[in-house]
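Colleague: next comes the sequence, and after it the predicted model I'd like to discuss.
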Amino acid sequence: MRRKPGQTLRLGVGVDGLALLTTGGWFDRSVTLLAEVSLDPAGGAAALGQGLRRLLADLPLAGWPVTVVLADDLARLWQVTPPQAAGRMADLEAAAALRFQGLFGAPAAGWRISADWHAARPFLAAALPLPLLATLQQCAAEHRLSLVEIVPQFVAALNGWRKRRRPGAWFGHVEGRVLTLAAFEHGAPASVRTAVIPPAADAGWLDAHVAREALLVGIGRPELVQLCGAVPRPWGGNAARLAFACHLLEDEDGAPDWSTAARLAFTGSRA
């Protein structure tokens, strides 16, 4: 398969499926769904390896760069406050590992932590399981693919919409019935939390949820919330009963109506 200048692959890795997309290349914002396969949700890294080999078996993609987007269920995301007078990278890494253990109830052994490391302000951290990473790296080597990055879906969305994110706005992503919402204060993340969206949740539910998050974190409500993903359409706009404006980012580009795995791969492709 001949690669155009700037063209890349995007691999979505979900709990129960995989999807592979290709981007259109330089000055071409199109994306094409190449293939999908299902996975056994209980199969772990072994099932992932088998699924990847089925997915890539008949595709001549040697030499292509690939970005992998993982379902947030497969990763861990959290906000880290750096220790006072942190002067070394080791200080930041220790703070992230300690916070991981406090939040998730176990040491970070078996996970690889990466972050937007910063010594003077809070930062977002993510951890990916080592067996999953090893399987992805092995399959990429077998098919001669160049791994560009491996990121959770929320991080891919956050980075993908960076050019349209407004200063001071909170940012959220919806997948299935789950809202992941990052609260920001003074340009830094104050919290990153997930919430299950009740059936038929309207804009009033979102208003109450944002107010509750602001109280829990101890910061003021935002003037703007920017959302992407499978967001309920009625949430958009600036209804009189909302204390903030709600901007649905994907209204601007029209995300394709694809499977969950394909949407995973698509996340962040608009950067």
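Modeller: Looks like it arrived, so ask away.
Colleague: can you list the domains in the protein?
Modeller: 9-71+129-156, 74-128, 166-251 (automatic domain parsing).
Colleague: nearest to T260 among these would be which one?
Modeller: domain 9-71+129-156 (5.6 Å; Cβ to Cβ). Bear in mind the C-beta positions are built from the backbone N, C-alpha and C, glycine included.
Colleague: now that closest one, how far from the centre of its chain.
Modeller: 15 Å (Cα atoms, centre = their mean, to the nearest Å).
Colleague: next one: stretch 176-186
Modeller: 11 Å.
Colleague: any weak-confidence spans in the stretch 51-200 of the chain?
Modeller: Under the criterion pLDDT under 70, no range of the stretch 51-200 of the chain is flagged.
Colleague: make it 80
Modeller: 85-87 (pLDDT under 80).
Colleague: ranges for the helices of the protein?
Modeller: 44-56, 89-104, 130-142, 153-160, 203-217, 260-266 (DSSP state H).
Colleague: tabulate the domains of the chain (a markdown table), appending mean neighbour count and distance to R263.
Modeller: A markdown table is the format used below for the domains of the chain (neighbours: other Cβ atoms under 10 Å; distance: least, Cβ to Cβ, whole Å):
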| stretch | mean neighbour count | distance to R263 |
| --- | --- | --- |
| domain 9-71+129-156 | 18 | 7 |
| domain 74-128 | 15 | 15 |
| domain 166-251 | 17 | 7 |
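Colleague: in TSV, list these along with distance to T260.
Modeller: Putting the domains of the chain into TSV (distance: least, Cβ to Cβ, whole Å) gives the following:
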stretch	distance to T260
domain 9-71+129-156	6
domain 74-128	13
domain 166-251	7
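Colleague: which one of the ones you listed lies closest to L264?
Modeller: Across the domains of the chain, closest to L264 is domain 9-71+129-156 (Cβ to Cβ), at 3.1 Å.
Colleague: G44 reaches P131, doesn't it?
Modeller: Yes: using Cβ atoms under 8 Å, G44 makes contact with P131 at a distance of 7.1 Å.
Colleague: still on that earlier bit, select, out of the domains of the chain, the one closest to F266.
Modeller: Of the domains of the chain, nearest to F266 by Cβ to Cβ is domain 9-71+129-156, at 6.2 Å.
Colleague: distance between the ends of the closest one?
Modeller: 14 Å (Cα to Cα, to the nearest Å).
Colleague: hmm, back to that, select, out of the domains of the chain, the one closest to S269.
Modeller: domain 9-71+129-156 (5.6 Å).
Colleague: dump the helices of the chain into CSV; add distance to W78 as well.
Modeller: Converted to CSV, the helices of the chain look like this (distance: least, Cβ to Cβ, whole Å):
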stretch, distance to W78
helix 44-56, 23
helix 89-104, 5
helix 130-142, 18
helix 153-160, 11
helix 203-217, 13
helix 260-266, 21
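Colleague: closest to C246 out of those?
Modeller: Taking those one by one with Cβ to Cβ, helix 203-217 is closest: 6.8 Å.
Colleague: quick one: contacts of that closest one?
Modeller: Helix 203-217 is contacted by residues 170, 179, 181, 183, 185, 190-191, 193, 195, 197-198, 220-222, 225, 234-235, 237, 239, 241-244, 246 when judged by Cβ atoms under 8 Å, 6 or more residues apart in numbering.
Colleague: quick check: the spatially closest residue to T81 that is not a sequence neighbour vs F244, distance?
Modeller: In space, and not counting its chain neighbours, T81 is closest to P122: 4.9 Å by Cβ to Cβ, 6 or more residues apart in numbering. P122 is 21 Å from F244, where distance means Cβ to Cβ, to the nearest Å.
Colleague: got it, and L132?
Modeller: 37 Å.
Colleague: same check on V68?
Modeller: V68 is 34 Å from F244, by Cβ to Cβ.
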